[in-house]
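Colleague: fold the following, please.
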Amino acid sequence: MLQYVTAQINNSSSVPYLVTVLSVTTIAGTFAWRWWKQKKQYKSLQSLPSPPQHWLLGNLPQVLAAVKQKKLFQLFFDWSQQLGPMYVVWNGSSPVVILSKPKVIEDTIVNGMRDGSLIRSARLRQAWNDISGPILIGETGNEWQWRRKVWNPEFSSSSLAKYLEIINQACEQVIVTLKETAPPKEVEVDPLFVELTMRVISSLVLGIPVDRKITTNEGPPLEVLKVYEAMCVVGYRFLRQATGEKIWMKYLPTKNSQDYWASRRYLEEFLTPRVDLALQMREQRTDFPQVSPLFRESMLVRIAAKEPKYNRQTLIAESVEFLIAGTDTTAHTLSFAVGELSLNPRVFQKARDIVDQAWQSQDNINTESFKELAYISAILKETLRLYSVASGSTSLEAQRDTVIEGKVIPSGTRISWSMLAAGRDPEVYAHPEEFLPERWLDKSKETSSLPMIDFGSGPHRCLGEHLSMLEGTMMLALLLRHFDWELVNGRSSLEQLQQNLLIYPSDKMPVRFRLRN
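Modeller: Residues are numbered from 1 along each chain as shown. All right, here's what the predicted structure looks like:
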């Protein structure tokens, strides 16, 4: 009988129709089974508030639209305001829990990573490592531990003290540029600070002189604008992939893909000669008289020499990572700090008085001066509270069922946060909309333990925290010493923001500077 039926089907003109029906039924059944399985797995999250969802794609359309409009972190902030301090965003049927209570964020990161219940999500690690190759921030477990151990000493406060002269030289170049700009001509400070921070990180990591007039033989000169544009393209690619775009889409013949590959090639061509020279110095262990002292003492050469696991690909990848991490973050923070100082005369004058006193006692800004500039550092912390430049660029994934604020978070759930909302939590930061650097210096019981989570928390806390605070404090102190200033566009420069991988002023923060009387 079976053979007869099979023969009839084979001879029937309805076979294509039957095949189509069977295929559609199978696909629909697969989707239904996956939907049911995930709905059951994440049942405990159904009680959490969530933005309106597409029946199949969840909140993915809103998220990708916000990425395209460069408003992703604003979207998370708005949802936090509407839905409360803990809500869930659905990437299709996969959940992402968003937190916005500072202490909850800090405790979740520290405790979760300490006990192994939370790790960086596989999607995020893949997105980071797709930038140019395996990098520190894209690893976990033993792979992450040895990389962190290698780089930790390079970015410690004691190690960075020897770079103070380089940082001061780069900041003084900014002062010279501003003095050469006759008022009332305006200056867009954000690109100016981008050049400052890129020259500093390039000098420390790659041994490139901060003085743009000096060239060396180790590799191509640093063309800040070209390197920065390439970094922005690569960073935007990371953000799209981290929020749902498939990795294979970079191979499509689109303009985005073409720009991405061109940017990667440019960065690799810029870095390869220096990386190859560092590896050659490691292997030959002989004198290289043509190598400059600055390059010889660079982090690149030292890391290559002491860690044989690093090869050309991984050193190029780590260099790209540090260029990205060490440029925008501090540059944009400085722009926002300059903006807030312009709009807060009381803070401006108090900061200037402190700088003048430090200058009079030390005759310049040096290691001893920094001990007297705690208020300037507090200005940077207050700026980061309000404009968390790296707002939500990392997330974690639950490795097993865990509990946050009394809610069971199932294994496989991604956990992220809205730093913009966390920085404005009125239960933690009194008068959250006011610019009050003093809150970071108040030693009272209520304020002495204010969460400062903009550099992350726990063992994964930002490597470059000390460098960023050192650069920012030095630059603000010199600006306060030499200039008065005002924002060309007023408060809109601090409100009309854009977001790529980081948050930045969309108008590039135009400022009018005047030399002090």
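Colleague: every contact and neighbour count from this point should use C-alpha atoms.
Modeller: Fine.
Colleague: now Arg512: which helix or strand?
Modeller: strand 510-515 (DSSP states H and E).
Colleague: the helix or strand encompassing Thr333: what's the following helix or strand?
Modeller: When elements are assigned from DSSP H and E, Thr333 belongs to helix 312-343. Where DSSP H and E defines the elements, the next helix or strand beyond helix 312-343 is helix 345-362.
Colleague: check what contacts that following helix and list those residues.
Modeller: Residues from elsewhere that reach helix 345-362 (Cα atoms under 8 Å, 6 or more residues apart in numbering): 341-342, 364-365, 368-369, 372-373, 375-376, 436-437, 477, 480-481.
Colleague: buried ones among those?
Modeller: Using 16 or more other Cα atoms under 10 Å as the burial test, the contacts of helix 345-362 include 341-342, 365, 369, 372-373, 375-376, 436-437, 477, 480-481 as buried.
Colleague: list just the nearest of those to Asn129.
Modeller: The shortest approach to Asn129 among those belongs to Ile376, at 35.6 Å (Cα to Cα).
Colleague: buried ones in the strand holding Arg512?
Modeller: So strand 510-515, judged by 16+ other Cα under 10 Å, has buried residues 510-514.
Colleague: over to stretch 247-254?
Modeller: For stretch 247-254, using 16+ other Cα under 10 Å, the buried residues are 247, 250.
Colleague: measure that stretch end to end?
Modeller: Distance across stretch 247-254, first residue to last, is 14 Å (Cα to Cα, to the nearest Å).
Colleague: distance to Thr197 and pLDDT added to the buried residues of strand 510-515, as TSV?
Modeller: Listed next are the buried residues of strand 510-515 as TSV, based on distance: Cα to Cα, whole Å; pLDDT from 0 to 100:
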residue	distance to Thr197	pLDDT
Pro510	18	97
Val511	19	97
Arg512	21	95
Phe513	20	95
Arg514	23	93
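Colleague: ok, back up a step: in helices only, show me the contacts of helix 345-362.
Modeller: Counted as lying in helices by DSSP state H, out of the contacts of helix 345-362, are 341-342, 368-369, 375-376, 477, 480-481.
Colleague: tell me which two in those are the farthest apart.
Modeller: Ser342 and Glu368 (27.3 Å).
Colleague: Ile119: what's it in contact with?
Modeller: Taking Cα under 8 Å, 6+ apart, one finds 112-113, 140, 396-399 in contact with Ile119.
Colleague: confirm it sits in a strand?
Modeller: Yes - per DSSP: H, G, I helix; E, B strand; the rest coil, Ile119 lies within a strand segment.
Colleague: what's the distance between it and Glu165?
Modeller: Ile119 sits 38 Å away from Glu165, going by Cα to Cα.
Colleague: burial count for Val97?
Modeller: Here the count is done by other Cα atoms under 10 Å, and Val97 has 21 residues near it.
Colleague: what's the helix or strand that contains it in contact with?
Modeller: For Val97, the element it lies in under DSSP H and E is strand 94-99. The contact list for strand 94-99, computed with Cα under 8 Å, 6+ apart, reads 38, 42, 76, 85-90, 105, 413-418.
Colleague: follow-up on the earlier one: now the angle from the helix holding Thr333 to helix 345-362?
Modeller: Counting by axes from the mean of the first three to the mean of the last three Cα atoms, to 10 degrees, helix 312-343 lies at 110 degrees to helix 345-362.
Colleague: how about Gln499, what does it touch?
Modeller: 67, 70-73.
Colleague: between these, which sits nearest Leu470?
Modeller: For the contacts of Gln499, the closest approach to Leu470 (Cα to Cα) belongs to Phe73, at 26.7 Å.
Colleague: and the host helix or strand of the closest one, average pLDDT?
Modeller: In the assignment (DSSP H and E), Phe73 maps to helix 72-83. The average pLDDT within helix 72-83 is 94.
Colleague: show me what that helix is packed against.
Modeller: helix 60-68, helix 419-422 (3 or more Cα pairs under 8 Å, 6 or more residues apart in numbering; DSSP states H and E).
Colleague: C-alpha coordinates for stretch 492-509, PDB please?
Modeller: The C-alpha coordinates for stretch 492-509 follow below in PDB (Å, rounded to 0.1, in the frame of the first residue of the first chain):
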ATOM      1  CA  SER A 492      21.600  73.700  23.400                       C
ATOM      2  CA  SER A 493      25.200  72.500  23.100                       C
ATOM      3  CA  LEU A 494      24.600  70.300  26.200                       C
ATOM      4  CA  GLU A 495      21.200  69.200  25.100                       C
ATOM      5  CA  GLN A 496      21.400  68.500  21.400                       C
ATOM      6  CA  LEU A 497      23.500  65.300  21.700                       C
ATOM      7  CA  GLN A 498      24.300  62.500  19.300                       C
ATOM      8  CA  GLN A 499      25.400  58.900  20.100                       C
ATOM      9  CA  ASN A 500      27.500  56.600  18.100                       C
ATOM     10  CA  LEU A 501      29.500  54.200  20.300                       C
ATOM     11  CA  LEU A 502      29.700  57.200  22.800                       C
ATOM     12  CA  ILE A 503      27.700  60.300  23.600                       C
ATOM     13  CA  TYR A 504      29.000  63.600  22.100                       C
ATOM     14  CA  PRO A 505      27.800  67.200  21.400                       C
ATOM     15  CA  SER A 506      26.300  67.300  17.900                       C
ATOM     16  CA  ASP A 507      27.400  70.900  17.300                       C
ATOM     17  CA  LYS A 508      31.000  70.100  18.300                       C
ATOM     18  CA  MET A 509      30.700  72.500  21.200                       C
END
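Colleague: thanks again, I'm all set now.
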